[in-house]
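Asks: fold the following and give me the result.
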Amino acid sequence: MRLGGRCVRASGLAGELAGYARGLLSEVPRKNLWQLSEFAGHPNPDRLQGFLAKAAWDADELRDRIRGVAVAALAADDAVLIADETGDIKKGTKTAGVQQQYTGTAGRIENAQASVHLSYGSSRAAP
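Replies: This is a model prediction of the structure:
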């Protein structure tokens, strides 16, 4: 299924979306722009950085398309959504969302970044 099309409102950027998504879904061990750019065949992260910083998105359209792909591939009567909040300890303060906060990872207040992950589990797909 094509995810670009009407989701990204600029010519040529649908291909960048596809390359970015393929990189995120790949076995690339670190999902930063250098590694994702190399996976996409770019010499540096400039193209993907420009894409992420400047592309105009139709977030509702993209969400609906991705939902359609997931439902078509994974729908099952016994499906459940699994929510997991986690905290990643960070040394610096430059990463988005980093602040002094309690994290169960450390068991105390630390410089950390909190995130919530949603997983889907069923007899057809398990986390």
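
Asks: Leu81 and Leu118 touch, don't they?
Replies: Yes: with contacts counted by Cβ atoms under 8 Å, Leu81 reaches Leu118, the gap being 5.9 Å. C-betas here are computed from N, CA, C, even on glycine.

Asks: quick check: bridge partners of the nearest residue in space to Thr105 that is not next to it in sequence?
Replies: Nearest non-adjacent residue to Thr105, counting by Cβ to Cβ, 6 or more residues apart in numbering: Gly87, 5.0 Å away. Beta-bridge pairing for Gly87 (DSSP bridges): Ala114.

Asks: so what pLDDT did Ala83 get?
Replies: On pLDDT, Ala83 comes in at 91.

Asks: in a strand, it, correct?
Replies: Yes: according to DSSP: H, G, I helix; E, B strand; the rest coil, Ala83 belongs to a strand.

Asks: what segments of the chain are strands?
Replies: Applying DSSP state E to the chain gives strands spanning 80-89, 99-103, 108-121.

Asks: who are the packing partners of the shortest one?
Replies: The elements that strand 99-103 packs onto, with contact taken as 3 or more Cβ pairs under 8 Å, 6 or more residues apart in numbering; DSSP states H and E, are strand 80-89, strand 108-121.

Asks: what do you get if the cut-off is 7 Å, keeping everything else the same?
Replies: strand 108-121 (3 or more Cβ pairs under 7 Å, 6 or more residues apart in numbering; DSSP states H and E).

Asks: distance from the strand it packs on to the middle of the chain?
Replies: 14 Å (Cα atoms, centre = their mean, to the nearest Å).

Asks: averaged pLDDT, it. What do you get?
Replies: Strand 108-121 comes out at a mean pLDDT of 88.

Asks: again, but for stretch 37-45
Replies: 92.

Asks: just the buried residues of that stretch, please?
Replies: Applying a neighbour-count criterion of 16 or more other Cβ atoms under 10 Å, one finds 37, 39-40, 42, 45 buried in stretch 37-45.

Asks: now tabulate the residues you listed in TSV and tack on distance to Glu110.
Replies: As requested, the buried residues of stretch 37-45 are exported to TSV (distance: Cβ to Cβ, whole Å):
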residue	distance to Glu110
Ser37	31
Phe39	32
Ala40	35
His42	35
Pro45	29
